[in-house]
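# I would like to see how this sequence folds:
(6 chains)
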Protein chains: 4
Amino acid sequence: MPKPATEKRLRPRKTPRQTRAVDTQARILDAARRVFAKHGYAAGTTNRIADAAGLSVGSLYQYFPNKDSILAALVREHIAEGTRELLAATRDAEADFESLVRRVVTSLVEVHARDRRLHRVLFEESPRPESLRAELRRLEESAVALVAARLAAALPTRPDHELVARIVVTAIESLVHRLVASDLPLDPRRFTEEVTRLVAGYLAPR
Amino acid sequence: MPKPATEKRLRPRKTPRQTRAVDTQARILDAARRVFAKHGYAAGTTNRIADAAGLSVGSLYQYFPNKDSILAALVREHIAEGTRELLAATRDAEADFESLVRRVVTSLVEVHARDRRLHRVLFEESPRPESLRAELRRLEESAVALVAARLAAALPTRPDHELVARIVVTAIESLVHRLVASDLPLDPRRFTEEVTRLVAGYLAPR
Amino acid sequence: MPKPATEKRLRPRKTPRQTRAVDTQARILDAARRVFAKHGYAAGTTNRIADAAGLSVGSLYQYFPNKDSILAALVREHIAEGTRELLAATRDAEADFESLVRRVVTSLVEVHARDRRLHRVLFEESPRPESLRAELRRLEESAVALVAARLAAALPTRPDHELVARIVVTAIESLVHRLVASDLPLDPRRFTEEVTRLVAGYLAPR
Amino acid sequence: MPKPATEKRLRPRKTPRQTRAVDTQARILDAARRVFAKHGYAAGTTNRIADAAGLSVGSLYQYFPNKDSILAALVREHIAEGTRELLAATRDAEADFESLVRRVVTSLVEVHARDRRLHRVLFEESPRPESLRAELRRLEESAVALVAARLAAALPTRPDHELVARIVVTAIESLVHRLVASDLPLDPRRFTEEVTRLVAGYLAPR
DNA sequence: CATGAATGAGGGTTCATTCAT
DNA sequence: AATGAATGAACCCTCATTCAT
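Have a look, this model is predicted:
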């Protein structure tokens, strides 16, 4: 019997109804963002997070059942944001491929650039349980499906839309992550432009 | 005054001249590779590594001043191997871009695929000190320079060789890392081909 | 100077006169019984008890000054019940020893069998402060005195009534406790019969 | 699939071969005995035990995988001692029942009286996992079997040897435990004598 | 009086590192 | 040099108790 995709262990402790509690949860996540970004995962201790949130550890544990669930919440937030951005960027069905790609890359860069270090901790340095990886995979798969459908409509002559779509999605995603992870001071605008050209060139019929 | 790029803490304890010592160091690194690949960074304890190497912890610490220096040695080995492969793949100056790219991607995929899990631990899960990141950056920069020079010779009309070179290098590198990190069972051969097409399409004059 | 036999820490907060308060106290004790029986002492947290009582922890602490005072109240209830049963069983002064013993054992078994697990928590698993132990001792001593008086009347020839009485009381009590604590599915009726025979044989003049 | 009767969790970490290690393990158990006897189970912290043993916590955890395994070792020692005593006391097959009972009670009292408080912690206050309870039950069952066999040989006329044997064993055991648990300053010798008479009277044909 | 969020001391446990043998 | 027992700081987490609302 496989575990449910999102285990209880990784869920916040209560779905808070009072504004006070909502607030506290948000404060903890804010603090966690800062602490993880500054200290990394291992040294981002629950005590430090509680401190940064202006709370005691005990309170923190009233909202999250364990350390990993805090991280999971952060990852989930990122996924939600990514989904939102992706939908917003692709809403306008008329646009040509190139502008679509440009929009997607632009918004992804924005999402990721907001806090590079945190992003690194979230997606590279920390243990990610299977359930979270599954959520990420789902997001990626839906992106692949979206691109593949577009390709099928636009270039009916080319086969293997799925592989191509997967390469496109992966390329964009990994380049953006790379930009974020890198310490190089790349100019986001130029970076976006080049990635767009890269993808456009790949998709252009030859 | 910045720290020297390669701090003492991360260096093996002695540059051993006796064959026995060289051997022991190699055995430790081998063991570390296995242990990190199997248990990850945090659970890859020095005791486990010593055990796997058939040594006592005490002895291990005669060869490496601390845990991170073992990791650093592993990363450094990986860098050396990458450099070797890169040089080998680009040695033949006559080849056209496309075959060059194909060769580079092929050899990189090979290097990385050898042990995905270890690679993940080395480059994602572990804390990498600045000095190591610097070494990696140097490797990347030399790759960029190499590609840029080629571009300048081949396509004197296009400007901004450096940015293009950087995108190429980054794209290849990040896609390969992505392949390695991913749990998807991508076929390496098709993957190589698509990356080659991606890069070739990007470089092709339009 | 010894502490007063019943320290303040172990007393309920107020001897409530209003029915409402009496009720609440009873509800808390009921809940505590359930919670201790289900979770044991250590895991029987005050929060769980409050929950089970349909109260907030804060309210619980208005009625009992601390966790142990709840336990103490439970123990005291048990003592009271035991006393009542003992008096009822021995009220009829005419009965011969054997039927007296049978009655006492029967009623004790009943009292204890009602909730084995709770009994175990109360008398084995939990820390019992000296004051409570003293109350228990008093109960036992009065039982010993009661039996000794009977013995003196019935068998004036035998000396050391007190020791014999103590053995009788202890034997009955410890065997009953043992039955309760045991996981063996002993039949209470046969058990009662054998204990009766044991005690009767002991007391029978030889 | 039932767990093995004695789980790994409760076993010492290594079966020590060097005298030094044997010694250290013994020192830890000694310290644990003192600490548990003084502070009880919950407040008998591993740090306190390590302290009392003149060790660091870390060392303690090299010998025992967790707190409960220390307790388990103590319980197991007690079981072993009980078994030894029982065998020694019943070795001489010729003796009459009364002297046999006297011997058994005497040796059991001795075993238990050595440290009443510790015994209480071990057998009442602490969580005993099923595997340990099973070991205790085995010991008791073998005692029951032993007595039952004797009864069958001596009093072939009486039926239900097993029940009687069980009552005898239980009575002796629980009375001894009771003596130990009690704070009363009972004289062990007289106590032994009375228990002997109790059991002898029970077994005597009427 | 009631509530339940907040507190924080304290517990069990791990593991990089040291050092006596 | 090698060994591996010993160290102890630091971590995650719990829960009796308090107190602002």
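# does A:Ala50 really touch A:Val57, like I thought?
Yes: between A:Ala50 and A:Val57 there is a contact at 4.6 Å, judged by CB atoms under 8 Å. All C-beta spots, glycine's among them, are computed from the backbone N, C-alpha and C.
# ok, those two, which is more surrounded?
Neighbour count, other CB atoms under 10 Å in any protein chain shown: between A:Ala50 and A:Val57, A:Ala50 has more, with 20 against 14.
# Tell me who's in contact with the more buried one.
Going by CB atoms under 8 Å, 6 or more residues apart in numbering or on different chains, A:Ala50 touches A:28, A:31, A:56-57, A:59-60.
# now A:Glu98, nearest residue through space, not along the chain?
A:Ala200 (4.8 Å; CB to CB, 6 or more residues apart in numbering or on different chains).
# what pLDDT does A:Ala26 get?
pLDDT, A:Ala26: 92.
# Tell me, how many residues neighbour it?
A:Ala26, neighbours per other CB under 10 Å, totals 13.
# what helix or strand does it sit in?
helix A:19-39 (DSSP states H and E).
# Show me what counts as buried in that helix.
Buried residues in helix A:19-39, counted by 16 or more other CB atoms under 10 Å in any protein chain shown: A:24-25, A:27-29, A:31-37.
# and that helix, what does it pack onto?
With contacts taken as 3 or more CB pairs under 8 Å, 6 or more residues apart in numbering or on different chains; DSSP states H and E, helix A:19-39 sits against helix A:46-52, helix A:57-63, helix A:67-90, helix A:116-120.
# Now do the same contact list for the residue in chain A that chain C sits nearest to.
Relative to chain C, the nearest point of chain A is A:Gln62 (10.7 Å; CB to the nearest CB). Taking CB under 8 Å, 6+ apart, we find A:Gln62 in contact with A:13-14.
# ok, back up a step: can I get the helices and strands packed on helix A:19-39 in TSV including distance to C:Arg9 and mean pLDDT?
Shown next, in TSV, are those (distance: least, CB to CB, whole Å; pLDDT from 0 to 100):
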stretch	distance to C:Arg9	mean pLDDT
helix A:46-52	31	96
helix A:57-63	24	95
helix A:67-90	36	90
helix A:116-120	49	83
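# and the residue in chain A positioned nearest to DNA strand E, how many neighbours does it have?
Residue nearest to DNA strand E within chain A (CB to the nearest atom of the strand): A:Gly58, separated by 1.5 Å. Neighbourhood size, A:Gly58 [other CB under 10 Å]: 8.
# same thing with A:Pro156?
Neighbours of A:Pro156 using other CB under 10 Å come to 9.
# Likewise for A:Ala73?
By other CB under 10 Å, neighbour count at A:Ala73 equals 19.
# same thing with A:Ala43?
Neighbours of A:Ala43 (other CB under 10 Å): 11.
# Quick check on it: phi, psi?
phi -90, psi 0 (degrees, to the nearest 10).
# And for A:Tyr63, the neighbour number?
22.
# I'd assumed A:Asn66 was in contact with A:Trp13.
Wrong residue type there; residue A:13 is Arg, not Trp. No: between A:Arg13 and A:Asn66 there is no contact under CB under 8 Å: 9.7 Å.
# so what are the domain limits for chain A?
Annotated domains of chain A cover A:8-67, A:74-203 [automatic domain parsing].
# what separates A:Arg120 from A:Lys38, distance-wise?
For A:Arg120, the distance to A:Lys38 equals 12 Å [CB to CB, to the nearest Å].
# which non-adjacent residue is nearest A:Phe97?
Per CB to CB, 6+ apart, closest to A:Phe97 is A:Leu203, 5.9 Å.
# so what's the residue nearest to A:Phe64 when sequence neighbours are not counted up against?
Nearest non-adjacent residue to A:Phe64, counting by CB to CB, 6+ apart: A:Ile70, 4.9 Å away. Taking CB under 8 Å, 6+ apart, we find A:Ile70 in contact with A:28-29, A:32, A:46, A:49, A:64.
# switch the cut-off to 7 Å
A:28, A:32, A:49, A:64 (CB atoms under 7 Å, 6 or more residues apart in numbering or on different chains).
# do the same with A:Val105
Counting by CB under 7 Å, 6+ apart, A:Val105 touches A:172, A:176, A:192, A:195-196.
# Distance check, it against B:His161.
22 Å.
# now do A:Glu194
Computed as CB to CB, the A:Glu194 to B:His161 distance reads 12 Å.
# again, but for A:Ala73
44 Å.
# which is the next helix or strand following the helix or strand where A:Leu163 lies?
Secondary structure assigned from DSSP H and E places A:Leu163 in helix A:161-181. Once the chain leaves helix A:161-181, the next helix or strand it forms, by DSSP H and E, is helix A:188-203.
# buried residues in that following helix?
Buried, per 16+ other CB under 10 Å, within helix A:188-203: A:188, A:191-203.
# Would you check which pair of the residues you listed lies furthest apart?
Largest separation among the buried residues of helix A:188-203 by CB to CB: A:Pro188 and A:Leu203, giving 22.3 Å.
# Please tell me how far the spatially closest residue to A:Thr170 that is not a sequence neighbour sits from C:Val168.
Leaving aside its sequence neighbours, A:Thr170 sits nearest to B:Arg178 (CB to CB, 6+ apart; 5.7 Å). B:Arg178 sits 82 Å away from C:Val168, going by CB to CB.
# Can you pull out the low-pLDDT segments for chain A?
Filtered on pLDDT under 70, chain A yields the residue ranges A:1-7, A:15-21, A:93, A:157-158, A:181-185, A:205-206.
# Show me what from it comes close to chain B.
Counting by CB under 7 Å from any CB of the partner chain, the residues of chain A close to chain B are A:40, A:42, A:124-125, A:163, A:167, A:170-171, A:174-175, A:178, A:183, A:190, A:194, A:197-198, A:201-202, A:204.
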